[in-house]
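Chemist: 3D, please:
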Amino acid sequence: MIQKTLKWVAITFAGLIALIYAFDVDYLLKGTRVIYLTGNNTAYLSDYKYFDNRVIDPSPVAQPWAKHNDYNTIIETDELAAINKERETKAFLVIKNDSIVFEKYFDGYNESSKSNAFSMTKSITVTLLGKAIMDGKIKSLDQPVGDFFDEYKTGLGAELTVGDLASMSSGMEWSEKYYSIINITSESYFTDDLRSLILNQKIINKPGQKFRYSSGDTQLLGMVIEKATNTNLSDYLRNNFTIHMGFENEALWQLDSEESGMEKAYCCFASNAKDFARFGKLYKDNGKWNNEILLDSTFINKAINPVFDTSPYYGYGWWLYNYNGKKVFTMNGHRGQFVIVFPEEDIIIVRLGDKNMRGDDDDDDGDLYKYISGGYKLATSID
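Modeler: Reported below is the predicted structural model:
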């Protein structure tokens, strides 16, 4: 009886596998292995270990952050300590005037531990767009995507610009979901051929009209940058930014597969809190690094200001907020990965962790505002 049952289980399993391949959804197998069989229900901080990655070496001339005279002498508020514990924070870092005021790591993480940035990577991809425009590889935010891909030469696709991709207003058919393996977002995460997947997505609404969050937009933007610069995104980032910005540790940019070699431009840059903070510094300092202009300040000004009046919380690749009348712009990622910048106060806050409760995009009831408030109080409690 047992043998008969095992036989039917094996037959059923083999049948399911055959159906998965027959309907070209074999990404489900990888998704199940990486997510569910590791005890998770969505992508997680260390899942980069299960994918092919392109290595971005540390800068040959590392530039460690200075430490403030009162480094780690201040104590976080009870509210911040509680939420860091409850939400399983892994790193919390506060930098003021380019000196570390406070840093704390949890659950075995340390200053060099890698964490998946998730959608904070979108801000990095948009940074590469700014550089490609600065280099003359892309004409402007208004250049048609059809100049790079024939799939966007007709219909609504002919109206699509690179700026529409950077502002998430492409009108692309896309369903952004993170907790179901059967959807386009999950398929893009586990497919071994991102380019084909993205180019098969239709433009179903007029581009450039309104913000609608879509990882597909940023992935297509990454493909445009790759084609325009004739190099992969990792090399373009290393040669133009991480080398100059003094990255202290190796970073990884997750690929769809080694054979295809396409970076997941919408997610999955793995680094650490101190090196993530460098992107905040770059934008805070209007594209200058050690008196060298790495990114055009005009582009930065556009990126950190709203594109649409109806979505004042998003610019080009960066999220926009207000804290007690103070301008704040951020890199945001799944599960609560944040680089938070107070440009006028010269403050950068980084939070990396496993859990996050979201509030409304224009409200202050989510965890992000607690990290903003807690980090700001730490930074301003000293001279």
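Chemist: Tell me who's in contact with Asn305.
Modeler: 315, 320 (Cβ atoms under 8 Å, 6 or more residues apart in numbering). Where you see a C-beta, it was placed from the backbone N, CA and C, and this is true even at glycine.
Chemist: if you set the cut-off to 6 Å instead, what comes out?
Modeler: Listed by Cβ atoms under 6 Å, 6 or more residues apart in numbering, the contact partners of Asn305 are Gly315.
Chemist: How about the secondary structure of it?
Modeler: coil (DSSP: H, G, I helix; E, B strand; the rest coil).
Chemist: State the pLDDT value of it.
Modeler: Asn305 carries a pLDDT value of 98.
Chemist: next one: Ser99
Modeler: Ser99 carries a pLDDT value of 98.
Chemist: Val224 now?
Modeler: Reported pLDDT for Val224: 98.
Chemist: Kindly report the same for the one 5 residues further on.
Modeler: On the pLDDT scale, Thr229 is placed at 98.
Chemist: from memory it sits against Lys137, does it?
Modeler: Yes: with contacts counted by Cβ atoms under 6 Å, Thr229 reaches Lys137, the gap being 5.0 Å.
Chemist: what residues are shared contacts of those two?
Modeler: In terms of Cβ under 6 Å, 6+ apart, Thr229 and Lys137 are not both contacted by any residue.
Chemist: Show me the shaky parts of the stretch 151-300 of the chain.
Modeler: Counting by pLDDT under 70, the stretch 151-300 of the chain contains low-confidence ranges at 178-181.
Chemist: rerun at 50
Modeler: Along the stretch 151-300 of the chain, no part satisfies pLDDT under 50.
Chemist: Start from the N-terminal end of it and give the strands.
Modeler: Taking DSSP state E, counting those that start in this stretch as the test, the strands found in the stretch 151-300 of the chain are 251-254, 269-271, 288-289, 292-293.
Chemist: Out of those strands, which is closest to Ser113?
Modeler: strand 269-271 (9.7 Å; Cβ to Cβ).
Chemist: what residues does that closest one touch?
Modeler: The contact list for strand 269-271 (Cβ under 6 Å, 6+ apart) reads 48, 114, 116-117, 121, 124, 251-253.
Chemist: Take the strands of the stretch 151-300 of the chain and lay them out in JSON lines including distance to Thr191 and mean neighbour count.
Modeler: Shown next, in JSON lines, are the strands of the stretch 151-300 of the chain (distance: least, Cβ to Cβ, whole Å; neighbours: other Cβ atoms under 10 Å):
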{"stretch": "strand 251-254", "distance to Thr191": "12", "mean neighbour count": "22"}
{"stretch": "strand 269-271", "distance to Thr191": "18", "mean neighbour count": "28"}
{"stretch": "strand 288-289", "distance to Thr191": "35", "mean neighbour count": "16"}
{"stretch": "strand 292-293", "distance to Thr191": "37", "mean neighbour count": "10"}
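Chemist: Would you format these as a markdown table with distance to Ile348 included?
Modeler: Converted to a markdown table, these look like this (distance: least, Cβ to Cβ, whole Å):
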| stretch | distance to Ile348 |
| --- | --- |
| strand 251-254 | 18 |
| strand 269-271 | 15 |
| strand 288-289 | 14 |
| strand 292-293 | 19 |
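Chemist: So which of those strands is nearest Ala81?
Modeler: strand 269-271 (25.1 Å).
Chemist: Centre of the chain to the closest one, how far?
Modeler: The chain centroid and the centroid of strand 269-271 are separated by 9 Å under Cα atoms, centre = their mean, to the nearest Å.
Chemist: for stretch 255-268, same thing?
Modeler: 13 Å.
Chemist: again, but for stretch 38-49
Modeler: For stretch 38-49, the distance to the chain centre is 16 Å (Cα atoms, centre = their mean).
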